[in-house]
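**Q** I would like the atomic coordinates for the input below:
(one chain, ligands or ions: 2)
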Amino acid sequence: MIKHYTIGIDYGTESGRAVLVDLANGEEVAEHVTPYIHGVIDQHLPAGGVVLEREWALQHPRDYIDVLEQSVPAVLKEAGVDPSQVIGIGIDFTACTMLPVDEDGEPLCFQAGFANRPHAWVKLWKHHAAQDEADEINRIGAEREEAFLQRYGGKYSSEWMMAKIWQVFNEDRDMFDEADAFLEGTDWVTAQLTGTIVRNSCTAGYKAMWHKQDGYPDDAFFEALHPDLRRLTATKLRGEIRAPGEAAGSLTKEMAERTGLLPGIAVAVGNVDAHVSVPATGVVTPGKLVMAMGTSICHLVLAEEEKEVEGMCGVVEDGIVPGYYGYEAGQSAVGDIFAWFMEHGLTSDLVDEAKQKNRPIHALLEEKAAAYQPGETGLLALDWWNGNRSTLVDTNLSGIIIGMTLQTKSEEIYRTLLEATAFGTKKIVEAFTKAGVEVNELVACGGLPQKNNLLMQIFADVTNLEIKVAASKQTPALGAAMYASVAAGEAAGGYSTIFAAAEKMARVQEKSYKPNAERAQVYEEIYKEYSKLHDYFGRGENDVMKTLRSVRDKAKGGTVLA
Ligand SMILES: Nc1ncnc2c1ncn2[C@@H]1O[C@H](COP(=O)(O)OP(=O)(O)O)[C@@H](O)[C@H]1O
Ligand SMILES: O=C(CO)[C@H](O)[C@H](O)COP(=O)(O)O
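**A** Ligands and ions are numbered 1, 2, ... in the order given. The predicted model follows:
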């Protein structure tokens, strides 16, 4: 019998990763990573010269094309399969990662005249410079009692589409006017494969205020933001919206030549890294919270009903798998906090010891931090190094460590940061369960579960929940490949539904992390203190974090918060 395969590509923050997957059993036959040459652009624009302000995070669309041209031929070659056996391709992306394009769908930053205009570039999900716009959206939305606000947990984030578009409008009106459309990165890359722009309901719903029954908010809402924004959704956000699992089109002849695939194969509708991971861990029913753990964490859970959950990122009908309401919440920095610590928090003796022992510093720190019992460091941190995405939805909050003494060691701080991220997740689990969205089990995927056992055990102890771990090392890419198999359909050798694909292609590891009752009890005590700090600094009782930020910006001559 002829074997059939699909290719899934996961567009992450630093790189794009392709996997070629056997549809019979989900085996990842080959994988290839293409790092983005330009990485995250947060200092100055690629052509040099223009220096970016704080909180900016851009990307170069050329890097996305490199992934197609390098990783697709590489997986085909490594697997040694005939291209005729590959029946579909699908991608997932970080989100909201968005860009302005011209009438031909070309990114504005590709035009020589606009290369020095920051607003012509791709704004990455963690671009946090649109907080003023988000605050205004929330104020006006609340005043007008807009229905979308409740679907975003009461607050729309500065990371999402409308805040980012409004920032372009406010700060570079020319670029706003030049833009024929604003697209999610996932839709732009998918359009490169098919030659036509099709939007996806996942990013439209979770990031751009779109609702399956009601569509976008009325023109009157956008008019209330600014009269010239009145027709925004009918103009720069126009376009057909299709659900995950549908085909966006088929592969063009040109892209077939550039990738080594056959023209005409199915191209799945674009998707989001975290959301596409859910069926790839085998989760297609309510009650299991999937954590996509990497630079950040996205938390996703399915439910039969639409509920209001404090500070969630969004709830979208059919947003994750058809037939369920998909809920998303998140922490804006997790692995990134540990990366910060590696860069700025290490003592020279630790660096020397790692060198001497020829061990990665993370591994050495993990070993040292694992020697402590919960509470033994005497430290507690708030995990807001990149603001708070859920449940407070405020990118102007910042991190804090309490309990430092002259005896505090690097590894104690490291352990405290791991614990803080687990407390952040516990807050999110609590918000879901309080609102009546059931969470009985955690399922982890992404890079972190493969990198740090201590982190995973701390998450289990802090949440007091068992954590299963996805078997795939490239869960989002596997999910994208699964959706590609559904877009290709049963007749072509794929699957008729994502449920059928999940049954055959997804699995979790045998090993799971079980909570330890004693440790969980100590963490319960510390969590009470975390919650006090969380409310004190996060709910307006003490706005010191915002005051300091304002003073800092004034001192640097940047934007001052109102
Ligand atoms: N041993 C480790 N322990 C904890 N965090 C780690 C370790 N090694 C790398 N990291 C963090 O993992 C993150 C990358 O996660 P990964 O899932 O691979 O990427 P992405 O989020 O871009 O998909 C980085 O933020 C990095 O700091
Ligand atoms: O918000 C998102 C999904 O809704 C982002 O895609 C996500 O936070 C980026 O994650 P990472 O870099 O950790 O893969």
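**Q** OK, contacts around the closest residue to residue 319 other than its chain neighbours?
**A** Spatially, and ignoring its direct neighbours in sequence, residue 319 is nearest to residue 326 (3.8 Å; C-beta to C-beta, 6 or more residues apart in numbering). Heads up, the C-betas are built off the backbone N, CA and C, glycines and all. Contact analysis of residue 326 by C-beta atoms under 8 Å, 6 or more residues apart in numbering lists 275, 278, 300, 301, 302, 315, 316, 317, 318, 319, 320.
**Q** got a PyMOL select line for the buried ones in those?
**A** If you want just the buried ones from the contacts of residue 326 in PyMOL, going by 16 or more other C-beta atoms under 10 Å, the selection is:
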select buried, resi 275+278+300+301+302+315+316+317+318+319+320
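**Q** doesn't the residue nearest to residue 319 belong to a helix?
**A** No - looking at residue 326 with DSSP: H, G, I helix; E, B strand; the rest coil, it is strand, so not inside a helix.
**Q** please report how far it lies from residue 246.
**A** Distance of residue 326 to residue 246, computed by C-beta to C-beta, to the nearest Å: 16 Å.
**Q** just to revisit the earlier point, ok, of the contacts of residue 326, which one's closest to residue 504?
**A** residue 278 (16.2 Å; C-beta to C-beta).
**Q** would you list the phi and psi of that closest one?
**A** For residue 278, the backbone dihedrals (degrees, to the nearest 10) come out as phi -60, psi -60.
**Q** right, and it touches residue 324 too?
**A** No - in this structure, residue 278 is not within contact of residue 324 by C-beta atoms under 8 Å, at 9.8 Å.
**Q** what residues are shared contacts of those two?
**A** With C-beta under 8 Å, 6+ apart, residue 278 and residue 324 have common neighbours residue 302.
**Q** pLDDT at residue 557, what is it?
**A** Turning to residue 557, the model gives it a pLDDT of 69.
**Q** again, but for residue 2
**A** So residue 2 comes in at 87 (pLDDT).
**Q** same question for the one 10 residues further on.
**A** pLDDT, residue 12: 94.
**Q** also the one 10 residues further on?
**A** At residue 22 the predicted local confidence, pLDDT, stands at 98.
**Q** any chance you could map the strands in the stretch 201-350 of the chain?
**A** Ranges of strands in the stretch 201-350 of the chain, per DSSP state E, counting those that start in this stretch, are 241-242, 247-250, 266-268, 271-272, 287-293, 297-303, 314-317, 325-331.
**Q** who are the packing partners of the second one?
**A** Pointing back at strand 247-250 there. helix 185-194, strand 266-268, helix 475-488 (3 or more C-beta pairs under 8 Å, 6 or more residues apart in numbering; DSSP states H and E).
**Q** show the backbone phi and psi for residue 444.
**A** phi -100, psi 140.
**Q** hey, what's it bridged with?
**A** residue 291, residue 469 (DSSP bridges).
**Q** isn't it up against residue 471?
**A** No - with contact defined as C-beta under 8 Å, residue 444 does not reach residue 471; the gap is 11.4 Å.
**Q** who's more crowded, these two?
**A** Neighbour comparison, residue 444 and residue 471: the larger count goes to residue 444, with 28 against 18 (by other C-beta atoms under 10 Å).
**Q** so what's that one up against?
**A** 290, 291, 293, 456, 459, 467, 468, 469, 470.
**Q** and it, how far from ligand 2?
**A** Distance, residue 444 to ligand 2, using C-beta to the nearest ligand atom, to the nearest Å: 12 Å.
**Q** and residue 414, by the same measure?
**A** 19 Å.
**Q** ok so, going back, which of the helices and strands packed on strand 247-250 is buried the deepest?
**A** Most buried of those by mean neighbour count (mean count of other C-beta atoms under 10 Å) is helix 475-488; its value is a mean of 32.
**Q** which ones among the contacts of residue 326 also lie next to ligand 2?
**A** Counting by C-beta under 6 Å from any ligand atom, nothing from those sits close to ligand 2.
**Q** closest to ligand 1 among the contacts of residue 326?
**A** residue 275 (13.9 Å; C-beta to the nearest ligand atom).
**Q** isn't that closest one right up against residue 202?
**A** Yes - between residue 275 and residue 202 a contact is recorded at 5.4 Å, counting by C-beta under 8 Å.
**Q** shared neighbours, the two?
**A** With C-beta under 8 Å, 6+ apart as the test, residue 275 and residue 202 both reach 244, 319, 320.
**Q** which one of the contacts of residue 444 sits closest to residue 77?
**A** Closest to residue 77, out of all of the contacts of residue 444 and judged by C-beta to C-beta, is residue 470, at 26.2 Å.
**Q** what about stretch 473-484, average pLDDT?
**A** On average, stretch 473-484 scores 97.
**Q** nope, stretch 261-275 is what I was after
**A** Rounded mean pLDDT across stretch 261-275 is 97.
**Q** same check, this time on stretch 493-511
**A** 97.
**Q** ends of stretch 300-307, how far apart?
**A** 14 Å (C-alpha to C-alpha, to the nearest Å).
**Q** now swap in stretch 501-512 and tell me
**A** First residue to last in stretch 501-512 (C-alpha to C-alpha) measures 23 Å.
**Q** now it: buried residues?
**A** 501, 502, 505, 506, 507, 508, 512.
**Q** rebuild the residues you listed as CSV, extending it with secondary structure and distance to residue 440.
**A** Output for the buried residues of stretch 501-512, formatted as CSV (DSSP: H, G, I helix; E, B strand; the rest coil; distance: C-beta to C-beta, whole Å):
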residue, secondary structure, distance to residue 440
501, helix, 24
502, helix, 19
505, helix, 24
506, coil, 19
507, coil, 19
508, strand, 15
512, strand, 13
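**Q** nearest to residue 407, of those?
**A** Taking the buried residues of stretch 501-512 together and measuring to residue 407 by C-beta to C-beta, the closest member is residue 512, at 35.7 Å.
**Q** okay, now the residue lying closest to that closest one once chain neighbours are set aside: neighbour count?
**A** Taking C-beta to C-beta, 6+ apart, and ignoring the residues beside it in sequence, residue 512 has residue 468 as its nearest neighbour in space, at 4.7 Å. When neighbours are defined as other C-beta under 10 Å, residue 468 has 23 of them.
**Q** pretty sure residue 468 contacts residue 445?
**A** No - the criterion here is C-beta under 8 Å, and residue 468 misses it with residue 445 at 9.6 Å.
**Q** between these two, what contacts are shared?
**A** What both residue 468 and residue 445 touch, as defined by C-beta under 8 Å, 6+ apart, is the set residue 281.
**Q** got phi/psi on residue 15?
**A** Torsion angles, degrees, to the nearest 10, at residue 15: phi -160, psi 170.
**Q** and the residue nearest to it when sequence neighbours are not counted, how many neighbours?
**A** Leaving aside its sequence neighbours, residue 15 sits nearest to residue 35 (C-beta to C-beta, 6+ apart; 4.4 Å). Residue 35 is flanked by 15 other residues according to other C-beta under 10 Å.
**Q** likewise the one 5 residues further on?
**A** Residues within reach of residue 40, counting by other C-beta under 10 Å, total 17.
**Q** from residue 186, how far out is it?
**A** Residue 40 is 17 Å from residue 186, by C-beta to C-beta.
**Q** ok, now residue 429?
**A** 27 Å.
**Q** likewise for residue 220?
**A** Taking C-beta to C-beta, one finds residue 220 at 29 Å from residue 186.
**Q** contact residues of the stretch 451-562 of the chain facing ligand 1?
**A** 451, 452, 455.
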